[in-house]
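Participant: Fold the following for me, if possible:
(one chain, ligands or ions: 1)
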Amino acid sequence: MNGDRVRYLKINENKNGEYILYWMQESQRTKYNFSLNKAIEIANSSQLPLYVVFNYIEYPEVQKRHYDFMFQGLRDVKNNLKEKGISFIFLTGNLEENIIKVSKNAKIVVWDKAYLKFQREAKKRISNKISSTIIEVEGNVTVPVEVISSKEEYSARTLRIKYKKVKDRFLIEFKDIEYLKFEIKNKKIEKLDVSKMYILEEKEVVNNDFLGGEIEARKKLDYFIKENLKFYLDKGPDNERASKLSPYLNFGQISPLEIWIEIEKIEDMIEQKESFLEELTVRRELAINFVYYNKNYDNWYGVTYNWAYETLENHLQDARKYIYSSKELENAETHDIYWNTCQNEMVKIGYMDSYMRMYWCKKILEWSQTPKEAYQIALFLNNKYFYDGRDPSSYAGVAWCFGKHDRAWKEREIFGKVRYMNSDGLKRKFKMQKYIEKYTK
Ligand SMILES: Cc1cc2nc3c(=O)[nH]c(=O)nc-3n(C[C@H](O)[C@H](O)[C@H](O)COP(=O)(O)OP(=O)(O)OC[C@H]3O[C@@H](n4cnc5c(N)ncnc54)[C@H](O)[C@@H]3O)c2cc1C
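Facilitator: Numbering: from 1, shown residues only. Reported below is the predicted structural model:
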């Protein structure tokens, strides 16, 4: 395994440790899972059993659909681990207390690297209270965030230059390590498992577009390669040519490296491949760079550039032809049929085409009293409804609409020099009537 994905946060092996523990949280999969591989490698060399634990937390603002999607995925995890001879322990309740408790008798603890504040802060608090060795593994990016750059990057252009210099070391085949199965079981940890009550229960299928789990993720990838990649340059709301892999990436149900490898195997479709991989690598990892180095990635006063704040401020007093409340927007009650359609799409299926996401957010800026209010509404709706919400790309995507990672454009009302979008572009590029018919209530 390439060393830069693996980091020892603490070295203090618990000599009496009875097992190796992998706390799975951000990489909810068994394939192309660098953390799992590392944990298996250590379990084999120390001849100790391996336990994989997951801790379920309820977030009040999140929809039931997110949990259904996650549980579908955890069912795959449990079954696939069983095939490998590895026990899966599903915990619920207080994350910190639980992880500290199950780490007590562990010789070594392995966990996934995370990028968002709440995940990193929880890991930091837990690491302060665990005395054994902790190994953090970075498996949800094609190139580790700190290897690409040691600071917040200005734009896709600046990140791309750095990414290209280091990518070849990381864009390499992944090899599964076989677990040698150590049967000595630990009753204490096994008693904590409540997976029977949760993830084995068959959930009602709410959305055929998005069934969760690594098996579904792989089906989506294969379908995309077979049917849609050749049309990727024409992707849009009327044709569904994009991969729809973002929900799976968000829950760690598929590895971006696996996607990269499968796309690279294709010999033709050079332009389509290049365009797709630019999104999967540069754009996605720019978003990770943003949340990793910018502590204020979710706070209006920290999300964009001074030129953007200044120009928006200069246009605060501009007359707004339409102003909608957060509720009116959530209920898709605007004068704009295109906007209402994409808002309905978001609420109905938890996904939206990338071009429509830009239009959607730009219009919230245009129709809100202030840019700050617009930012807060957009982020709230984004994270409430999208399967891929609360992802680094959620924060970077919404911030982009307010000038982040973009340049100044010709000055105009309300937006100032921040890029503007209107429905003419939609009508020119896409068959909007087809899209409207699909999602109108
Ligand atoms: C206002 C706004 C909000 C957004 N909110 C989210 C969000 O909540 N979660 C999210 O994952 N993405 C978000 N994006 C980025 C992008 O629109 C989605 O990642 C993409 O539409 C997901 O669909 P797909 O998987 O079919 O994309 P594809 O076109 O098939 O792209 C493949 C993968 O590349 C990555 N990718 C594509 N475009 C971007 C981008 N602009 N920035 C970062 N990564 C990208 C995603 O991981 C995606 O799954 C947002 C963009 C905007 C403008």
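
Participant: how many other residues sit next to the residue lying closest to residue 377 once chain neighbours are set aside?
Facilitator: Distances taken as Cβ to Cβ, 6 or more residues apart in numbering put residue 326 closest to residue 377, at 4.8 Å, once the chain neighbours are dropped. C-beta: built from backbone N, CA, C; applies to glycine. Neighbourhood size, residue 326 [other Cβ atoms under 10 Å]: 16.

Participant: Quick check: residue 326 vs the ligand, distance?
Facilitator: Distance of residue 326 to the ligand, given as Cβ to the nearest ligand atom, to the nearest Å: 16 Å.

Participant: give me the number of residues near residue 191?
Facilitator: Residue 191 has 9 nearby residues by other Cβ under 10 Å.

Participant: roughly how far apart are the residue nearest to residue 403 when sequence neighbours are not counted and residue 281?
Facilitator: Using Cβ to Cβ, 6+ apart and skipping the chain neighbours, the partner closest in space to residue 403 is residue 308 (3.0 Å). Plainly put, residue 308 is 26 Å away from residue 281 if you go by Cβ to Cβ, to the nearest Å.

Participant: pretty sure the residue nearest to residue 377 is touching residue 380, no?
Facilitator: Yes. Taking contacts as Cβ atoms under 8 Å, residue 326 lies within contact range of residue 380: 7.1 Å.

Participant: any shared contact partners between these two?
Facilitator: Counting by Cβ atoms under 8 Å, 6 or more residues apart in numbering, residue 326 and residue 380 have no contacts in common.

Participant: For the stretch 51-200 of the chain, which segments count as helices?
Facilitator: Under the criterion DSSP state H, counting those that start in this stretch, the stretch 51-200 of the chain contains helices at 64-84, 95-103, 117-129, 145-148, 156-166, 187-191.

Participant: just so I know, which of these lies nearest the ligand?
Facilitator: helix 156-166 (8.9 Å; Cβ to the nearest ligand atom).

Participant: could I get the closest one in PDB with only the CA atoms?
Facilitator: Output of helix 156-166 as PDB, limited to C-alpha atoms (Å, rounded to 0.1, in the frame of the first residue of the first chain):
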ATOM      1  CA  ALA A 156      -9.600  24.200 -10.300                       C
ATOM      2  CA  ARG A 157      -6.700  25.500 -12.400                       C
ATOM      3  CA  THR A 158      -4.200  25.900  -9.500                       C
ATOM      4  CA  LEU A 159      -5.200  22.500  -8.000                       C
ATOM      5  CA  ARG A 160      -5.000  20.700 -11.400                       C
ATOM      6  CA  ILE A 161      -1.400  21.700 -11.900                       C
ATOM      7  CA  LYS A 162      -0.400  20.300  -8.500                       C
ATOM      8  CA  TYR A 163      -2.600  17.200  -8.900                       C
ATOM      9  CA  LYS A 164      -1.000  16.300 -12.200                       C
ATOM     10  CA  LYS A 165       2.500  16.300 -10.600                       C
ATOM     11  CA  VAL A 166       1.600  13.700  -8.000                       C
END
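
Participant: elements contacting it?
Facilitator: helix 145-148, helix 284-293 (3 or more Cβ pairs under 8 Å, 6 or more residues apart in numbering; DSSP states H and E).

Participant: roughly how far out does the shortest one sit from the chain middle?
Facilitator: Put simply, helix 145-148 sits 17 Å off its chain's centre (Cα atoms, centre = their mean, to the nearest Å).

Participant: which helices and strands does it pack with?
Facilitator: For helix 145-148, the packing partners by 3+ Cβ pairs under 8 Å, 6+ apart are helix 156-166, helix 284-293.

Participant: Of these, which stretch is the most buried?
Facilitator: helix 284-293 (a mean of 23; mean count of other Cβ atoms under 10 Å).

Participant: Where in the protein is the helix or strand with the lowest mean pLDDT?
Facilitator: Lowest on mean pLDDT, DSSP states H and E among the helices and strands of the chain sits helix 187-191, with a mean of 89.

Participant: mind listing what's buried in that helix?
Facilitator: By 16 or more other Cβ atoms under 10 Å, the buried positions in helix 187-191 come out as residue 189.

Participant: what do you get for stretch 47-56?
Facilitator: Quick answer for stretch 47-56 (16+ other Cβ under 10 Å): 48, 49, 50, 51, 52, 53, 54, 55, 56.

Participant: check contacts around the second one.
Facilitator: Put plainly, it is residue 49. Taking Cβ under 8 Å, 6+ apart as the test, what residue 49 contacts is 18, 19, 20, 43, 87, 182, 183, 184, 185, 186.

Participant: okay if I get those residues as a markdown table plus neighbour count?
Facilitator: Shown next, in a markdown table, are these (neighbours: other Cβ atoms under 10 Å):
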| residue | neighbour count |
| --- | --- |
| 18 | 18 |
| 19 | 21 |
| 20 | 27 |
| 43 | 26 |
| 87 | 18 |
| 182 | 16 |
| 183 | 6 |
| 184 | 9 |
| 185 | 13 |
| 186 | 17 |
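
Participant: Give me the neighbour count for residue 437.
Facilitator: Number of residues near residue 437 (other Cβ under 10 Å) recorded here: 11.

Participant: do you know how far it is from residue 419?
Facilitator: Taking Cβ to Cβ, one finds residue 437 at 29 Å from residue 419.

Participant: One more: residue 103?
Facilitator: Distance from residue 103 to residue 419, by Cβ to Cβ: 47 Å.

Participant: now swap in residue 111 and tell me
Facilitator: Distance from residue 111 to residue 419, by Cβ to Cβ: 39 Å.

Participant: So which of the two has more stuff around it?
Facilitator: Using other Cβ under 10 Å as the criterion, residue 111 and residue 419 rank with residue 111 on top: 25 against 18.

Participant: pretty sure the more buried one is touching residue 138, no?
Facilitator: No. Contact criterion Cβ under 8 Å: residue 111 and residue 138 do not qualify, at 10.6 Å.
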